[in-house]
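Novice: coordinates only, no sequence provided:
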């Protein structure tokens, strides 16, 4: 009789184990993509309850048991997690134990001034804290940045995907040492690969030229050709005469212009006015992207000295002033029709 009881208990245990194994491996009750936040310092019970409340699991008691059996109870990591429909209890547990947190994204478009980027980040709802960093024009690299829920706004300014508190581990108390590292790395790579014959003294001049290229054309394949026009004019000692520099002189990069330039605008007394001053302006007029940087470093070879809008989103290029004037007349006709 005792032997039969032992056999019965063994069989019962095996069946129970198989049932539990089926429960933790089978598809869960979740019907829609769902995000769940595991708070810092949350207990195993709290984690299980949060998952149950969100509909990710339907057996929080089993989650607690299996987390202890698997030795994961003390290894569940805080953060925001995204769960797909039908995720199993085991998969949900493993995801949190591995710390596979959900990353949000913010896209910094090319061509914005630093003031405009600061405004974008300051008003982005998924970030926290105030911006207390001093950012100069051209110091930010336009890019799509990933960040965890609760990341600081400073961390995006610093071009990092981690919170600014974590940056202090690597940069000490003064996290400003990390400022613009993303751009600095890109600049170093581009400067190292530049055409050695360029009439550019240093990396700041390359950055400044790239910022003008970024503002002059939104057509990627045109950028190397636009770069060649400005570089050809620099070599010949001609004024650049580029409208975006005048607009920057007027707005100082803080606001959008909102109107067309007038003849009087071209006479504004500013070092950024390339209609009055020779050479490049004293610094960048926006934050250029990688393509504009590469265009400035490795321009297309041409003998063009002028360009004007073609009325179709691109530009017409010219080698002489007479040819340029004909292109201007063609552009005027296109906007009147």
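Specialist: Arrived safely, thanks for sending. Here the structure is a predicted model, which means the values were calculated and not measured. Numbers count the residues shown, from 1 in each chain.

Novice: what about residue 33, how many residues nearby?
Specialist: Residues lying near residue 33 (other CB atoms under 10 Å) number 10. Where you see a C-beta, it was placed from the backbone N, CA and C, and this is true even at glycine.

Novice: what sits against it?
Specialist: By CB atoms under 8 Å, 6 or more residues apart in numbering, residue 33 lies in contact with 82, 83, 84, 85.

Novice: ok, for the third one, nearest residue in space, not its chain neighbours?
Specialist: Residue nearest to residue 84 in three dimensions, not counting chain neighbours: residue 33, with 6.1 Å by CB to CB, 6 or more residues apart in numbering.

Novice: state the phi and psi torsions of that neighbour.
Specialist: When quoted as degrees, to the nearest 10, the phi and psi of residue 33 stand at phi -60, psi 130.

Novice: and it, how far is that from residue 327?
Specialist: 52 Å (CB to CB, to the nearest Å).

Novice: over to residue 205?
Specialist: Residue 205 sits 28 Å away from residue 327, taking CB to CB as the criterion.

Novice: ok, residue 261 next?
Specialist: Going from residue 261 to residue 327 by CB to CB gives 18 Å.

Novice: more neighbours: which of these two?
Specialist: Per other CB under 10 Å, whichever of residue 261 and residue 327 has more neighbours is residue 327, with 19 against 15.

Novice: what kind of secondary structure is the more buried one in?
Specialist: Following DSSP: H, G, I helix; E, B strand; the rest coil, we place residue 327 in the helix state.

Novice: quick one: low-confidence ranges for the stretch 151-300 of the chain?
Specialist: Within the stretch 151-300 of the chain, the segments meeting pLDDT under 70 span 159-183.

Novice: all the helices of it, in order from the start?
Specialist: Applying DSSP state H, counting those that start in this stretch to the stretch 151-300 of the chain gives helices spanning 153-157, 164-171, 181-192, 203-216, 223-236, 243-251, 290-297.

Novice: before we move on, back to that, could the contacts of residue 33 be laid out in JSON lines, adding pLDDT?
Specialist: Converted to JSON lines, the contacts of residue 33 look like this (pLDDT from 0 to 100):
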{"residue": "82", "pLDDT": "95"}
{"residue": "83", "pLDDT": "95"}
{"residue": "84", "pLDDT": "95"}
{"residue": "85", "pLDDT": "94"}
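
Novice: so what's the most centrally placed residue in the chain up against?
Specialist: Centroid check for the chain by CA atoms, centre = their mean gives residue 144 as the closest residue, at 2.4 Å. Applying CB under 8 Å, 6+ apart to residue 144 gives the contacts 105, 106, 107, 108.

Novice: still on that earlier bit, for residue 55, see how far away the residue nearest to residue 84 is.
Specialist: Going from residue 33 to residue 55 by CB to CB gives 11 Å.

Novice: swap in residue 45?
Specialist: Distance, residue 45 to residue 55, by CB to CB: 18 Å.

Novice: who has more neighbours, those two?
Specialist: residue 55 (16 against 12).

Novice: that older thread, in the sheet, who's paired with the residue nearest to the centre of the chain?
Specialist: On the basis of DSSP bridges, residue 144 takes part in beta bridges with residue 107.

Novice: sorry, back to before: turn the contacts of residue 144 into a markdown table, columns for distance to residue 247, pLDDT and neighbour count.
Specialist: Listed next are these as a markdown table, based on distance: CB to CB, whole Å; pLDDT from 0 to 100; neighbours: other CB atoms under 10 Å:
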| residue | distance to residue 247 | pLDDT | neighbour count |
| --- | --- | --- | --- |
| 105 | 30 | 89 | 10 |
| 106 | 26 | 90 | 17 |
| 107 | 23 | 90 | 9 |
| 108 | 20 | 90 | 19 |
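
Novice: residue 151: which of these is nearest?
Specialist: Minimum distance to residue 151 across the contacts of residue 144 is 9.5 Å, recorded for residue 106 (CB to CB).

Novice: and that closest one, what does it touch?
Specialist: Counting by CB under 8 Å, 6+ apart, residue 106 touches 120, 121, 124, 126, 127, 144, 145, 147, 156.

Novice: any chance of a ChimeraX selection covering the buried ones in those residues?
Specialist: Selection command for ChimeraX covering only the buried members of the contacts of residue 106, criterion 16 or more other CB atoms under 10 Å:
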select :121,127,145,147,156
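
Novice: with the contacts of residue 106 in mind, which one is nearest to residue 193?
Specialist: Proximity of those to residue 193 (CB to CB) peaks at residue 144, which lies at 23.3 Å.

Novice: quick revisit: check what pLDDT the residue nearest to the centre of the chain gets.
Specialist: Note for residue 144: predicted pLDDT of 85.

Novice: swap in residue 41?
Specialist: 89.

Novice: not counting sequence-adjacent ones, nearest residue to it?
Specialist: Spatially, and ignoring its direct neighbours in sequence, residue 41 is nearest to residue 78 (7.3 Å; CB to CB, 6+ apart).
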